[in-house]
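[1] Generate a structure from the sequence data that follows.
(2 chains)
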Protein chains: 2
Amino acid sequence: MHVGVGSNLYIGLVHHPIYDKRREVVATAVTNFDIHDIARCARTYGLGGFFVITPLESQIQLVKRIIRHWVEGVGSSYNPTRKESLSLVQVSRSIDEADHELTSLWKKKVKRIATGASPDPQNIGFESLRKLIEDREAPFLILFGTGWGLTQEVKDRSDYILAPIEGKGYNHLSVRSAVAIILDRLIGERS
Amino acid sequence: MHVGVGSNLYIGLVHHPIYDKRREVVATAVTNFDIHDIARCARTYGLGGFFVITPLESQIQLVKRIIRHWVEGVGSSYNPTRKESLSLVQVSRSIDEADHELTSLWKKKVKRIATGASPDPQNIGFESLRKLIEDREAPFLILFGTGWGLTQEVKDRSDYILAPIEGKGYNHLSVRSAVAIILDRLIGERS
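    Numbers count the residues shown, from 1 in each chain, chains lettered A, B, ... in the order given. The predicted structure follows:
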């Protein structure tokens, strides 16, 4: 367990339950670029860890294979910076499983943060959430949806729903870009 | 030509000249994810445009094919948000070619900004550069290196070298993540 600023923040990249284009609840496939880009962001900002959340056995095995290759396998000497970032990654079958893991690690109730591209009356702003995370009273699990985003049920079961990144009339960032921007706003150095 | 904040800022994603792992000057292949992620960021932040810079004929044709597919082809009705973002993308054979294009569009000398992961005595900070861009006195071309980053010569020929994103002892973000964070710092809404 790290102890710097941000070390009580954990990412959950949710592949189920999320919406597809027609707002049906589905499970998406894992994207290799998501794992690498988000793991590097997590390492850059000193996060506690990064959970890839998927209930699909084939996807669980795929993610484990990727992690093993770069953390223990031939990849670890070929590219040590990947070893460093992918050491933060683990797979969970559900949001609850990731939550339980954190609860037993921290012996504290986990605060869940949902993210999304649409505004919500209950949104918390970036500055307010930044202060809460800095207080380090609890571990925070920030959830990002793949596909067309987190389901309403996931939002309803979260402690906070973070304000969306305001685009100029366009709110279609990749999840990789959204993670990078949001971590910088919540944890990044301020000059 | 757009007229909002950020519309005088253009991205150049440089595939040559850049360094490889051994600090040799090479040309990298274009990555599909780079084009999509960065185009979506450019559209989100209201940028003037996004130049994919490569001298390799095969890569030029590849990028043109991707743009055509999503802007004019069957992709444009399948996913209109890609049409909107990829409309901002064009290919240039060199940094100078992108520069000339902007000079003739704006009838003004282009200010070049180099980016990178290492600090440089001549670095300009994010807040100072943000103010310069807001003044809208000139078009700005911000250059991101693929591979192991922009060559020293490219940095020497730039008007500004932007400060690196400070990681917690780790500076290995993907170029996609770096673009997202830097655009948010330079152009993003401030609460």
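
[2] Off-centre distance for the biggest helix by length in chain A?
    Criterion DSSP state H: the longest helix present in chain A is helix A:57-71. In terms of Cα atoms, centre = their mean, to the nearest Å, the centre of helix A:57-71 is found 17 Å from the chain centre.

[3] Next: stretch A:22-40.
    Computed by Cα atoms, centre = their mean, the chain-centroid distance of stretch A:22-40 equals 10 Å.

[4] ok so, going back, packing partners for the longest helix of chain A?
    Helix A:57-71 sits against helix A:32-44, helix A:80-86, strand A:89-92, with contacts defined as 3 or more Cβ pairs under 8 Å, 6 or more residues apart in numbering or on different chains; DSSP states H and E. Quick note: C-beta positions are derived from backbone N, CA and C, even for glycine.

[5] Which SSE is immediately downstream of that helix?
    Remark: after helix A:57-71, the chain's next helix or strand is helix A:75-78, criterion DSSP states H and E.

[6] Now do that next one: everything it contacts.
    A:69-70, A:82-83 (Cβ atoms under 8 Å, 6 or more residues apart in numbering or on different chains).

[7] Out of those residues, who's the most crowded?
    For these, the largest neighbour count, defined by other Cβ atoms under 10 Å in any protein chain shown, is 25 neighbours, found at residue A:70.

[8] So that one sits against residue A:83, correct?
    Yes. Using Cβ atoms under 8 Å, residue A:70 is in contact with residue A:83, at 5.7 Å.

[9] count of neighbours near residue A:157?
    Residues lying near residue A:157 (other Cβ under 10 Å) number 14.

[10] quick one, what contacts it?
    Neighbour list for residue A:157: residue A:112 [criterion: Cβ under 8 Å, 6+ apart].

[11] can you pull the pLDDT of it?
    Listed pLDDT for residue A:157 reads 97.

[12] follow-up on the earlier one: pLDDT on the longest helix of chain A, on average?
    On average, helix A:57-71 scores 95.

[13] So what angle separates the directions of it and helix A:32-44?
    50 degrees (axes from the mean of the first three to the mean of the last three Cα atoms, to 10 degrees).

[14] Quick check: residue A:10 vs residue A:139, distance?
    According to Cβ to Cβ, to the nearest Å, residue A:10 and residue A:139 sit 6 Å apart.

[15] ok, now residue A:126?
    19 Å.

[16] quick one, which of the two is more surrounded?
    Shown here are residue A:126 and residue A:139; by other Cβ under 10 Å, residue A:139 has more neighbours (24 against 17).

[17] show me the contacts for residue A:18.
    By Cβ under 8 Å, 6+ apart, the neighbours of residue A:18 are A:25-28, A:145-151.

[18] again, but for residue A:17
    By Cβ under 8 Å, 6+ apart, the neighbours of residue A:17 are A:25-27, A:150-151, A:153-154.

[19] Among those residues, which lie within strands?
    Secondary structure defined by DSSP state E assigns A:25-26 of the contacts of residue A:17 to strands.

[20] For the contacts of residue A:17, which single residue is the most surrounded?
    Going by other Cβ under 10 Å, residue A:150 tops the contacts of residue A:17 with 23 neighbours.

[21] what pairs with that residue across the strands?
    With DSSP bridges applied, residue A:150 shows beta-bridge pairing to residue A:18.

[22] State the distance from it to residue A:185.
    19 Å.

[23] With residue A:44 instead?
    To residue A:185, residue A:44 is 14 Å away according to Cβ to Cβ.

[24] more crowded one of those two?
    In this view residue A:44 and residue A:185 are compared by other Cβ under 10 Å, and residue A:44 has more residues nearby, 27 against 21.

[25] which residue packs closest to residue A:66, ignoring adjacent ones?
    If the residues on either side of it in the chain are set aside, residue A:66 comes closest to residue A:35, at 6.1 Å by Cβ to Cβ, 6 or more residues apart in numbering or on different chains.

[26] I figured that neighbour was touching residue A:89, is that so?
    Yes. Between residue A:35 and residue A:89 there is a contact under Cβ under 8 Å: 6.4 Å.
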